[in-house]
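Engineer: pasting the structure only:
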């Protein structure tokens with residue numbers, strides 16, 4: 001009897017392990033979902049949805065303290081904030097939505113994905129949650145939207161965290177801009193697996209490891225969203241011509257931390273200095289050996305910079 005029990009204790013873990021391996025290879029979407037749920041759980045974040053008028057929002061929320069709304073960048077989604085989440089949720093009620101047209105949020109019924117329109121939609125979203133005063137952060141395109149929001153509604157924004165924000169026209173040309181001017185394809189839009197690999201190399205100084213089956217899920221999603229992303233890209237660049245961020249936030253007194261990766265190939269690090277020169281309460285922090293997405297590459301260090309800025313560390 002004792003021998004049978006011993007064998008059972010050996011066999012059951014092996015069967016469980018083989019079951020996980022089978023899920024991993026045979027059902028990568030299910031495995032990917034399990035990993036994402038686990039990362040959110042570690043970050044203290046839970047998945048929620050909200051319908052605001054005609055718009056459907058998916059978002060992550062968790063933590064305690066004053067609200068901190070975080071906006072992802074172009075071609076990304078709310079899970080760009082899961083790794084940094086565990087460093088922020090002990091101090092803030094973190095709210096990270098999928099912007100309209102991205103992730104699990106619905107498309108724009110009117111087809112308008114301009115920066116100003118997206119800022120208005122973010123306001124509708126946070127007001128629907130009953131959040132009337134909050135801290136606001138954004139990465140890349142999300143940083144552009146956050147800056148436009150703060151300039152339009154400064155009384156609602158307690159502080160700004162701008163991580164390599166887009167829209168800084170007076171910055172030195174980045175590698176991406178030089179490539180685009182030379183007629184090359186947009187590095188942030190992928191049509192196949194090879195282009196997705198190049199996208200990762202372009203966005204990160206040291207790209208995170210993604211297992212093959214899970215990367216196939218990400219490639220599939222990226223390629224499926226490519227047509228809409230191209231439309232959004234064109235609208236976003238028209239906003240840059242009409243209302244560059246440095247002009248929009250000039251004189252804005254909201255306390256602002258601007259974080260940039262020193263090896264950012266997407267948007268030139270000089271943009272931080274351009275913004276700090278026109279914002280009276282802005283500070284800049286340049287992170288060495290980091291690319292375009294510091295909150296993914298160095299989540300603890302990025303959160304530490306913001307917590308220190310807010311006097312919480």
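Structural biologist: Thanks, I have the structure now. Note that the coordinates shown come from a computational prediction; the quantities given were computed from them, not determined experimentally.

Engineer: any idea how far the residue positioned nearest the centre of the chain lies from residue 125?
Structural biologist: Central residue of the chain (CA atoms, centre = their mean): residue 72, 2.8 Å from the mean position. Distance, residue 72 to residue 125, by CB to CB, to the nearest Å: 13 Å. Heads up, the C-betas are built off the backbone N, CA and C, glycines and all.

Engineer: what of residue 115?
Structural biologist: Taking CB to CB, one finds residue 115 at 16 Å from residue 125.

Engineer: between these two, point out the one with more neighbours.
Structural biologist: residue 115 (24 against 21; other CB atoms under 10 Å).

Engineer: list the contacts for the more buried one?
Structural biologist: Residues counted as contacts of residue 115 (CB atoms under 8 Å, 6 or more residues apart in numbering) are 141, 144-145, 148, 167, 236, 239, 243.

Engineer: how long is stretch 146-164 end to end?
Structural biologist: Terminal residues of stretch 146-164 lie 12 Å apart, using CA to CA, to the nearest Å.

Engineer: got a list of contacts for the strand or helix carrying residue 159?
Structural biologist: Counting by DSSP states H and E, the element that carries residue 159 is strand 157-163. Outside strand 157-163, the residues within contact range by CB under 8 Å, 6+ apart are 66, 70, 133-140, 143, 146-147, 149-150, 254-260, 275, 293-295, 302, 306, 309-310.

Engineer: flag the shaky bits of the stretch 151-300 of the chain, pLDDT-wise.
Structural biologist: 239 (pLDDT under 70).

Engineer: what lines up beside the lengthiest strand in the chain in the sheet?
Structural biologist: Counting residues, the longest strand found in the chain (DSSP state E) is strand 55-63. Strand 55-63 has the following sheet partners, assigned by DSSP bridges: strand 46-52 (antiparallel), strand 92-97 (antiparallel).

Engineer: let me see the mean pLDDT of that strand.
Structural biologist: For strand 55-63, the mean pLDDT works out to 97.
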